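> Fold the following.
(one chain, ligands or ions: 1)
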Amino acid sequence: MAQPKYLTGDKAGIEEFIDKFDAFLFDCDGVLWSGDHLFPKVPEVLEMLRSRGKQLVFVTNNSTKSRADYKKKFDKLGIPAKVDEVFGSSYSAAIYISRILSLPPPKNKVFVLGESGIEAELESENVPYVGGTDPSLRRDITPEDFAAIADGSMLDDDVGVVLSGLDFHVNYLKLAIAFAYLRRGAQFLATNTDSTLPMAHAFFPGAGSVGAPLVKAIGREALALGKPSQAMMDAIEGKFKVDREKTCMVGDRLNTDIQFGIEGKLGGTLMVCTGVNSKEDILGEGKPVVPAAYVDSLGDLMG
Ligand SMILES: O=C(O)[C@H](O)[C@H](O)COP(=O)(O)O
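Numbering: from 1, shown residues only. Just a heads-up that it's a prediction; the model follows:
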């Protein structure tokens, strides 16, 4: 497998690389920022690409925020972006449920293991849901709960899907309810299955780690609708009409972002080393996923 091209400090190489593409799909956590800490020169890079007529799409697996929430974050961090340029895993899951799965109402209700970003995107697609940020579920399970889950009186007969995402309020009660729906035959979906969440320049359990207890209990994986799922790439191509050959995926995580671009047969992939993976993960023989090029940090594209 060809070695990736190192572009940091290579002005001519950067120009040549950028000129190959009309569109850039940007991962967010680990590429643009860590939490609320913007990496150096990110606004300048995005502005430079826009000034050269490039189409930008922000493709994030972080299901805690809706597109509107991300637009607020971009504004707060001084990043020029339009809400329609954001395509998150919650939106991808909502589109899949409403337009692809499209279970016949009323059996299309979703039990959410996740935050308000998922709820907002389900609402944007008129998909009914329960669970999520419901405060009545943020408590210890009781003997009465065990009985009511077991006899079904606590469950909603219209729930046909369990959607698992990054949930900062996960607890045994919510897992027990989700598990009960899965045992009743509900479809098992995940916004994404990232093992870790890059935050505050460190790593924390990711969406995949939050949903792992359900995978263990039910004995099967969820269908993930975030990167590297090609259902997400197809939805992005359909919405933004990008030419895959002239599109580049920019990411920090090999097994989601870069794999997403390679499996999507995009014209190129660029890894930045400010997030999950580092250059040691892509240099040398026998590496499973290798980007076309890499830089130390996104700001290096300013040459
Ligand atoms: O655990 C997660 O959900 C992910 O680590 C996180 O949200 C990834 O976000 P992205 O890097 O795709 O913006």
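> quick one, strands of the stretch 151-300 of the chain?
Using DSSP state E, counting those that start in this stretch, the strands of the stretch 151-300 of the chain run over 159-164, 187-190, 196-199, 202-205, 223-224, 247-251, 268-272, 293-295.
> Now do the same contact list for the most centrally placed residue in the chain.
For the chain, the residue sitting closest to the mean C-alpha position, by C-alpha atoms, centre = their mean, is Asn61 at 0.9 Å. Asn61 sits next to 27, 29, 88-89, 191-192, 194, 207, 226-227, 256 when contact means C-beta atoms under 8 Å, 6 or more residues apart in numbering. Backbone N, C-alpha and C define where each C-beta goes, glycine included.
> try 6 Å this time
Contacts for Asn61 (C-beta atoms under 6 Å, 6 or more residues apart in numbering) come out as 89, 192, 194, 226-227.
> From Ile118, how far out is it?
According to C-beta to C-beta, to the nearest Å, Asn61 stands 12 Å off from Ile118.
> One more: Leu214?
Taking C-beta to C-beta, one finds Leu214 at 15 Å from Ile118.
> now do Lys216
Per C-beta to C-beta, Lys216 is found 22 Å from Ile118.
> between these two, who's got more neighbours?
Shown here are Lys216 and Ile118; by other C-beta atoms under 10 Å, Ile118 has more neighbours (32 against 9).
> my read is that one is in a helix, agree?
Yes. Counting by DSSP: H, G, I helix; E, B strand; the rest coil, Ile118 falls inside a helix.
> Residues touching stretch 190-209, excluding its own?
With C-beta under 6 Å, 6+ apart, stretch 190-209 has contacts from 29-30, 34-35, 61, 63, 89-90, 93, 164-166, 211, 222, 224, 226, 275-276.
> Now that we have the residues you listed, which of them are buried?
Buried by 16 or more other C-beta atoms under 10 Å: 29-30, 34, 61, 63, 89-90, 93, 164-166, 211, 222, 224, 226, 275-276, out of the contacts of stretch 190-209.
> Among those, name the ones in helices.
89-90, 93, 211 (DSSP state H).
> Restrict the contacts of stretch 190-209 to those that also contact the ligand, please.
29-30, 61, 166 (C-beta under 6 Å from any ligand atom).
> and the closest residue to Lys76 other than its chain neighbours, how many residues sit next to it?
Leaving aside its sequence neighbours, Lys76 sits nearest to Asp36 (C-beta to C-beta, 6 or more residues apart in numbering; 7.6 Å). Neighbours of Asp36 under the rule other C-beta under 10 Å: 10.
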